[in-house]
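Participant: the sequence and its predicted three-dimensional model are supplied below.
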Amino acid sequence: MRNKAWAAIALTRSGIIQARRLREEISGLTVYAMPRLCTDREKPIDRPIAEFAGEMFCRYDTIIFITACGIAVRAIAPHLRSKSSDPGVLVMDEQGGFVISLLSGHIGGANDAARLVEKLTGARAIITTASDAGGKIAVDTLAGRLGCAIDSLEDAKRVTALIVNGETVAIDSRRDIKVELPESIVSYREGCGAAGIIRVTNRVPEPANLPCAYLIEKSTVIGIGCRRGTGAKQIQELIDRELERLGIDRRSIKKLASIDIKSDEQGILKAAEHYGAQACFIDKERILAVEGDFAESGFVRASVGVGGVCEPCGFIASGGGRMLLGKTTANGVAISVWEEV
């Protein structure tokens, strides 16, 4: 599993000086260096650099080589897989004059990482992706800034090409987009004359007449009540069934919410992991404060001390969001579905 922090790789004395400088500025950055250069604050590179780089690919989201660019390229080349999964890779020269966004500039975040290093150290960021070089924004960059999943990388590339070439692209979202956009990206409306569309949604993508990139927002919250010992499979089956019926994309699930006494319920925890969602557990006192707005059950009150679980927990966890599905039960599981507004 990847560490969200950074790794810096240095092979020389000059390089490790820059790596230590970065460590002071970037919280959680781990410095890897040749054993002869390490203090007790660094970790040794104990194998050939290409083999070592492969391990870093699996462990870190951002890797900065403080080496010649060619060394970095040869080290990472055997481990490249896909722009959707490769980490962001930077290269910084040993004097700290330049920092290059080398790999995964958009989805992997290398472009933003290079800008951060520039801001913190004064090194000049070198960014070569066409959208950034032209003052535009790529669809995958926008997805990252909005915290969205990209439905199709091919569709995202097609719409990005329109943006880079100065075509008008419309953005369709039920919520305000709090990201600065170039003038060529306009709000969606009928007859706006757009050559392509970016749709930010929690719904299952549908075919479109124009090139269309779907960005799946994390905005769906599932309230859950269940019997003790209920398995993740039973929970997932009910969630999947109801989301399909509602036309909600499973990738949009942000939270699974239940009462605090369920915080060790393995079925809920494993289901949250399955969806890449947060398991959220609500204090009984907070549920009591809002339970009058929802249907109550004497059995539930006798069992856990509140009149209902799935509906009030979904309401609270969604920040008072919109209910898409009221209490629905199957095989000892009760869920409600909400979307943040």
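Facilitator: Happy to help now that I have it. These figures come from a predicted structure and were not determined experimentally.

Participant: domains of this structure?
Facilitator: Here the domain assignment for the chain is 3-128, 139-216, 220-339, based on automatic domain parsing.

Participant: now the strands for the stretch 101-250 of the chain?
Facilitator: Ranges of strands within the stretch 101-250 of the chain are 124-126, 149-150, 169-173, 185-187, 196-201, 212-216, 220-226, based on DSSP state E, counting those that start in this stretch.

Participant: now for the fifth one, which elements pack on it?
Facilitator: So the one you mean is strand 196-201. With contacts taken as 3 or more C-beta pairs under 8 Å, 6 or more residues apart in numbering; DSSP states H and E, strand 196-201 sits against helix 139-146, helix 153-164, strand 169-173, strand 212-216. No exception for glycine: its C-beta is placed from N, CA and C like everyone else's.

Participant: how far off centre is the worst-scoring helix or strand of the chain on mean pLDDT?
Facilitator: Lowest by mean pLDDT, DSSP states H and E among the helices and strands of the chain is helix 130-133, with a mean of 80. Taking C-alpha atoms, centre = their mean, to the nearest Å, the mean C-alpha location of helix 130-133 is offset from the chain mean by 22 Å.

Participant: neighbouring contacts of that helix?
Facilitator: Helix 130-133 is contacted from outside by 105-106, 111, 127, 136-138, 141, 160, 163-164, using C-beta atoms under 8 Å, 6 or more residues apart in numbering.

Participant: would JSON lines of the domains of the chain with mean pLDDT be doable?
Facilitator: Output for those, formatted as JSON lines (pLDDT from 0 to 100):
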{"stretch": "domain 3-128", "mean pLDDT": "94"}
{"stretch": "domain 139-216", "mean pLDDT": "93"}
{"stretch": "domain 220-339", "mean pLDDT": "96"}
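
Participant: re earlier: out of the contacts of helix 130-133, which comes closest to residue 218?
Facilitator: residue 141 (17.1 Å; C-beta to C-beta).

Participant: follow-up on the earlier one: any chance of TSV for the helices and strands packed on strand 196-201, columns mean neighbour count and distance to residue 26?
Facilitator: What follows is these, written out as TSV (neighbours: other C-beta atoms under 10 Å; distance: least, C-beta to C-beta, whole Å):
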stretch	mean neighbour count	distance to residue 26
helix 139-146	22	18
helix 153-164	20	29
strand 169-173	20	32
strand 212-216	25	28
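
Participant: closest to residue 314 out of these?
Facilitator: With respect to residue 314, and counting by C-beta to C-beta, the nearest of these is strand 212-216 at 19.4 Å.

Participant: ok, which pair from the contacts of helix 130-133 is furthest apart?
Facilitator: 127 and 163 (16.1 Å).

Participant: residue 258 against residue 223, yeah?
Facilitator: Yes: with contact defined as C-beta atoms under 8 Å, residue 258 counts as touching residue 223 (7.2 Å).

Participant: ok, the two, which is more surrounded?
Facilitator: residue 223 (32 against 27; other C-beta atoms under 10 Å).

Participant: surely the more buried one and residue 313 touch.
Facilitator: Yes: applying C-beta under 8 Å, one finds residue 223 in contact with residue 313, separated by 4.3 Å.

Participant: mind listing the shared neighbours of these two?
Facilitator: 257-258.

Participant: quick check, central residue of the protein?
Facilitator: Residue closest to the average C-alpha location in the chain (C-alpha atoms, centre = their mean): residue 147, at 5.0 Å.

Participant: looking at the strands of the stretch 101-250 of the chain, which is nearest to residue 10?
Facilitator: strand 124-126 (19.1 Å).
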